[in-house]
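Novice: Just to be clear, the model below is a prediction. Sequence and coordinates:
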Amino acid sequence: MIDVSCALIISQNGQVLVAQRSLSMHLPLNWEFPGGKVEPGETAEDGLIREIREELGVEIQILKKMLPSVYDQGKQVIRLLPFQCKLISGEIKLTEHAAFQWLFPAELKKLDWAEADIPVVQNFIDEMML
Ligand SMILES: Nc1nc2c([nH]c(=O)n2[C@H]2C[C@H](O)[C@@H](COP(=O)(O)OP(=O)(O)OP(=O)(O)O)O2)c(=O)[nH]1
């Protein structure tokens with residue numbers, strides 16, 4: 001099982017940042033929450049801060065851990081470890097993804113998500129609608 005941490009970066013007006021995988025990546029053009037594989041010796045939180053710095057060029061603060069989502073991709077089993085975060089500095093500059101957008105929770109379901117993200121999206125919508 002591969003641990004992948006990902007960030008739901010939430011803006012002050014309640015939008016969340018979503019990123020589209022590029023054509024050269026595995027799961028091309030699927031939407032996801034930015035992040036990546038947790039390296040040996042690293043916590044999920046430290047790995048996430050590092051990945052977000054690498055992929056988006058920004059610094060984040062982790063606010064809250066969400067429920068993990070386990071998904072069997074066939075070749076490997078992914079355990080997605082989502083965290084709600086906020087931006088603390090920098091401006092988004094993509095180094096790997098094809099695109100990004102800020103969406104309100106009610107807009108998230110229209111995207112073509114990576115399978116592992118679907119329960120994470122649903123949990124987030126449920127939490128925001130409370
Ligand atoms: N970062 C991220 N990865 C996700 C999400 N959902 C999901 O299934 N994944 C998968 C895609 C990849 O197989 C793996 C993340 O690895 P990675 O971000 O290092 O991606 P990568 O392009 O290096 O992956 P790979 O093709 O080298 O296996 O988890 C998500 O929301 N965020």
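Specialist: Happy to help now that I have it.

Novice: Around S24, how many other residues sit close by?
Specialist: 8 (other Cβ atoms under 10 Å). C-beta here means a position set from N, CA and C on the backbone, and glycine is covered the same way.

Novice: Could you do L63 as well?
Specialist: L63: 12 neighbours (other Cβ under 10 Å).

Novice: Could you list the residues of the protein in contact with the ligand?
Specialist: Counting by Cβ under 6 Å from any ligand atom, the residues of the chain close to the ligand are 4, 6, 25-27, 32-37, 78, 80, 114, 116-117.

Novice: Those residues, buried ones only, as a ChimeraX selection?
Specialist: Only the buried entries of those go into this ChimeraX selection, using 16 or more other Cβ atoms under 10 Å:
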select :4,6,32,33,34,35,36,78,80,114,116,117
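
Novice: Looking at the residues of the chain next to the ligand, which are in helices?
Specialist: Assigned to helices by DSSP state H, none of those qualify.

Novice: which among the residues of the chain next to the ligand gets closest to N13?
Specialist: F33 (18.3 Å; Cβ to Cβ).

Novice: For that closest one, list the residues it contacts.
Specialist: Taking Cβ atoms under 8 Å, 6 or more residues apart in numbering, we find F33 in contact with 6-8, 16-19, 82, 117, 120.

Novice: could you dump the residues you listed to a markdown table with pLDDT?
Specialist: Formatted as a markdown table, the contacts of F33 follow (pLDDT from 0 to 100):
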| residue | pLDDT |
| --- | --- |
| C6 | 98 |
| A7 | 99 |
| L8 | 98 |
| V16 | 98 |
| L17 | 98 |
| V18 | 98 |
| A19 | 98 |
| P82 | 98 |
| D117 | 98 |
| V120 | 98 |
